[in-house]
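Q: Here's my sequence, what's the structure:
(one chain, ligands or ions: 1)
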Amino acid sequence: MSEEKEVREAADWDERYRKGFYDGPDGPHDLLVRYRHLFGGRVADIAMGSGRDALFLASAGIAVTGLERSWEGLRIAGQAAAARGLSIAMVQGDAARLPFRKDSFQGVIVFYFLLREIAPDIAAVLDRGGILMYETFLKAGGDVDHPRNPAFLLDEGELPALFPGFDLIHYDEGLREHKGRMRATAQLVARKR
Ligand SMILES: C[S@@+](CC[C@H](N)C(=O)[O-])C[C@H]1O[C@@H](n2cnc3c(N)ncnc32)[C@H](O)[C@@H]1O
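A: Residues are numbered from 1 along each chain as shown. This is a model prediction of the structure:
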């Protein structure tokens, strides 16, 4: 991506968080709540946003590192953590160049962020036996809520194919309601072999 485009996109997200146009630090995703018992050790939240899932894991005593490009998202997450007496490690950076060492996490979560080319890097930062949780938008017809850019949308069956070398614990593609609008998403929970 050109530097100029990167800067513009990062600024867009800062603006969205500043204006409250995107979800705040409350309300972890249902998938994480359902499978929270699978996580322990160190967990990375890639494209953490303003911390809704990282804060949930931290409140369960898990050591979370959130990677996020938006300074405003990080500011909100930090403020929410302080208000709740929680601690999360936060890294400002670009997921395209994951700043984590190989085998350094026992869990990785990714919600509503897609950069296909880093799937092997995401797999690599997980320890053997580690848990990957991933949920994001599918291409779907009809009046559903999703980003306009097709580069950010998954094909049917694509998500598990991006992560060979994992045993599936949960995989589902379907329509789900989010704040009164329907979304088509793929949900994956898998263990690294
Ligand atoms: C749709 S939001 C999802 C946030 C959070 N995971 C959630 O579900 O609430 C996408 C997030 O990805 C971040 N982001 C976009 N491109 C990024 C990149 N290259 N590296 C790191 N974060 C990025 C944005 O700043 C934004 O916070």
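Q: roughly how far is stretch 166-175 from the heart of the chain?
A: Counting by C-alpha atoms, centre = their mean, to the nearest Å, stretch 166-175 is centred 16 Å from the centre of its parent chain.
Q: buried set for it?
A: By 16 or more other C-beta atoms under 10 Å, the buried positions in stretch 166-175 come out as 166, 173. For the C-beta atoms, the positions are set from N, CA and C on the backbone; glycine is no exception.
Q: and this protein, which residues reach the ligand?
A: Counting by C-beta under 6 Å from any ligand atom, the chain comes close to the ligand at 13, 23, 47-49, 52, 67-70, 73, 94-96, 111-113.
Q: make it 8 Å
A: When proximity is defined as C-beta under 8 Å from any ligand atom, the chain approaches the ligand at 6, 9-10, 13-14, 16-17, 22-23, 29, 45-50, 52-53, 67-70, 73, 93-96, 110-113, 115, 147.
Q: Quick check, central residue of the protein?
A: In the chain, the residue lying closest to the centroid (C-alpha atoms, centre = their mean) is V110, at 2.3 Å.
Q: Would it be right to say that that one lies in a strand?
A: Yes. Counting by DSSP: H, G, I helix; E, B strand; the rest coil, V110 is found in a strand.
Q: gap between stretch 21-39 and the chain center?
A: 10 Å.
Q: which residues make contact with it from outside it?
A: 13, 15-16, 49-53, 55-57, 60, 62, 76-77, 80, 106-107, 109, 111, 131, 133, 135, 169-170, 187, 189 (C-beta atoms under 8 Å, 6 or more residues apart in numbering).
Q: Put the alpha carbons of that stretch into PDB.
A: Extracted in PDB, the C-alpha atoms of stretch 21-39 (Å, rounded to 0.1, in the frame of the first residue of the first chain):
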ATOM      1  CA  PHE A  21     -19.100   6.000  14.500                       C
ATOM      2  CA  TYR A  22     -17.600   2.600  15.400                       C
ATOM      3  CA  ASP A  23     -18.200   0.300  18.400                       C
ATOM      4  CA  GLY A  24     -16.500   1.400  21.600                       C
ATOM      5  CA  PRO A  25     -14.700  -0.500  24.300                       C
ATOM      6  CA  ASP A  26     -17.800  -2.300  25.600                       C
ATOM      7  CA  GLY A  27     -19.400  -5.500  24.500                       C
ATOM      8  CA  PRO A  28     -17.000  -8.300  23.500                       C
ATOM      9  CA  HIS A  29     -18.000 -10.400  20.400                       C
ATOM     10  CA  ASP A  30     -20.300 -13.300  21.200                       C
ATOM     11  CA  LEU A  31     -17.900 -15.800  19.700                       C
ATOM     12  CA  LEU A  32     -15.200 -14.700  22.200                       C
ATOM     13  CA  VAL A  33     -17.600 -14.900  25.100                       C
ATOM     14  CA  ARG A  34     -18.600 -18.400  24.000                       C
ATOM     15  CA  TYR A  35     -15.100 -19.800  23.600                       C
ATOM     16  CA  ARG A  36     -13.200 -17.700  26.200                       C
ATOM     17  CA  HIS A  37     -12.400 -20.900  28.200                       C
ATOM     18  CA  LEU A  38     -10.000 -21.900  25.400                       C
ATOM     19  CA  PHE A  39      -7.700 -19.000  26.000                       C
END
